[in-house]
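K.L.:
need the 3D shape of this:
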Amino acid sequence: MLTEDERATCVANLLESHRTKVQGKRPSEMFPHIKIEDSYAISSAVADAKVKAGARVIGHKVGLTSRAMQASSKIDEPDYGYMFDDLLLADGAKVPFDSFCVPRVEPELTFILKDRLVGPNIGLVDVLRATEWIVPSIEIIDARVTEPRKIFDTVADNGAAAGLVLGGRPMRPDDVDLRWAGAIFYRNSDIEETGLAAGVLGHPAMAIAWLANKLAQFGDGLEPGQMILSGSFTRPVWAAKGDTLHADFGPLGSVAVQFV
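P.N.:
Okay, the predicted model is just below:
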């Protein structure tokens with residue numbers, strides 16, 4: 001485990017990268033003895049600093065929800081981060097490329113809750129009962145630390161959360177079999193990725209259940225009105241200045257963002 005001073009060094013390093021949009025040193029590079037508990041503590045401390053500076057937590061994101069991504073990160077469960085109000089973007093938004101270090105994008109489904117979810121023992125049906133809307137989305141992720149990143153670095157860096165674009169046709173949780181919700185993901189006119197939401201733990205609602213049960217270990221829960229990103233069902237797509245990223249969710253509509 002890291003000392004409090006070592007954790008504080010990591011927090012300061014990440015906050016500086018948020019400010020300058022220049023990648024900083026990896027926590028695992030500075031302190032090879034880091035543990036995953038340290039990473040979550042660092043992420044929470046960065047979140048607290050952002051809230052003190054005026055940001056508001058509007059939900060969470062879940063990542064590493066596919067077996068392939070978990071294997072590549074050498075971890076056997078998903079991870080999570082915080083979503084803030086200043087990360088929320090409208091469909092079709094034009095965002096400055098220079099607002100990020102190394103932006104990438106992923107298609108996801110966002111769950112908007114109407115009821116509180118508190119673990120343990122939250123399951124799929126509990127999540128569907130507590131969900132008011134599911135919204136096709138694009139998540140922007142960013143790497144505030146250098147390569148090669150380890151799971152400790154990604155978790156400490158708030159799961160790389162950097163933006164949430166809501167779009168498409170918001171749907172009730174029983175409007176469609178969510179396992180078969182799919183997306184064709186374009187960069188400009190080229191198809192970069194395709195996928196089905198079943199790639200997220202077999203059903204994207206299971207990502208929300210996992211998070212509710214995980215947060216219960218810290219005495220926390222998911223609150224009404226919060227937005228929870230359930231995790232990508234494709235690989236991340238790199239974005240360059242001038243690129244338009246467009247996720248076509250078929251009957252569920254589409255969502256796009258442009259980097260300018």
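K.L.:
rest of the way, CA atoms for contacts and neighbours
P.N.:
Noted.
K.L.:
gap between the nearest residue to residue 212 once chain neighbours are set aside and residue 209?
P.N.:
Nearest residue to residue 212, sequence neighbours excluded (CA to CA, 6 or more residues apart in numbering): residue 119, at 5.3 Å. According to CA to CA, to the nearest Å, residue 119 and residue 209 sit 8 Å apart.
K.L.:
check residue 4 too.
P.N.:
31 Å.
K.L.:
kindly report the same for residue 96.
P.N.:
34 Å.
K.L.:
these two: which has the busier surroundings?
P.N.:
Neighbour count, other CA atoms under 10 Å: between residue 96 and residue 209, residue 209 has more, with 24 against 12.
K.L.:
run through who's touching the one helix or strand that one maps to.
P.N.:
Using DSSP states H and E, the element containing residue 209 is helix 205-216. With contact meaning CA atoms under 8 Å, 6 or more residues apart in numbering, helix 205-216 is reached by 62, 65, 80, 117-124, 126-128, 200-201, 221-222, 228, 230-231.
K.L.:
can you pull up the most central residue in this structure?
P.N.:
residue 61 (3.7 Å; CA atoms, centre = their mean).
K.L.:
residues touching that one, list them.
P.N.:
Contacts of residue 61 were listed using CA under 8 Å, 6+ apart, and they are 80-83, 159, 161, 228-231.
K.L.:
residue 2 too?
P.N.:
Here residue 2 is in contact with 31, 33-35, 38 (criterion: CA under 8 Å, 6+ apart).
K.L.:
check contacts around residue 188.
P.N.:
Here residue 188 is in contact with 243-246 (CA under 8 Å, 6+ apart).
K.L.:
okay, the residues you listed in JSON lines with neighbour count, distance to residue 236 and secondary structure next?
P.N.:
What follows is these, written out as JSON lines (neighbours: other CA atoms under 10 Å; distance: CA to CA, whole Å; DSSP: H, G, I helix; E, B strand; the rest coil):
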{"residue": "243", "neighbour count": "17", "distance to residue 236": "14", "secondary structure": "coil"}
{"residue": "244", "neighbour count": "19", "distance to residue 236": "14", "secondary structure": "strand"}
{"residue": "245", "neighbour count": "28", "distance to residue 236": "11", "secondary structure": "strand"}
{"residue": "246", "neighbour count": "27", "distance to residue 236": "13", "secondary structure": "strand"}
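K.L.:
before we move on, the earlier item: what is the nearest of the contacts of residue 2 to residue 155?
P.N.:
residue 38 (9.3 Å; CA to CA).
K.L.:
okay, now the closest one: neighbour count?
P.N.:
Residue 38: 22 neighbours (other CA under 10 Å).
K.L.:
so what touches the helix or strand harbouring it?
P.N.:
Residue 38 belongs to helix 36-52 when elements are defined using DSSP H and E. With contacts defined as CA under 8 Å, 6+ apart, helix 36-52 is touched by 1-2, 7-8, 10-11, 14-15, 57, 81-82, 151-153, 155-158.
K.L.:
in strands only, show me those.
P.N.:
Per DSSP state E, strands hold the following members of these: 57, 81-82.
K.L.:
lovely, talk soon.
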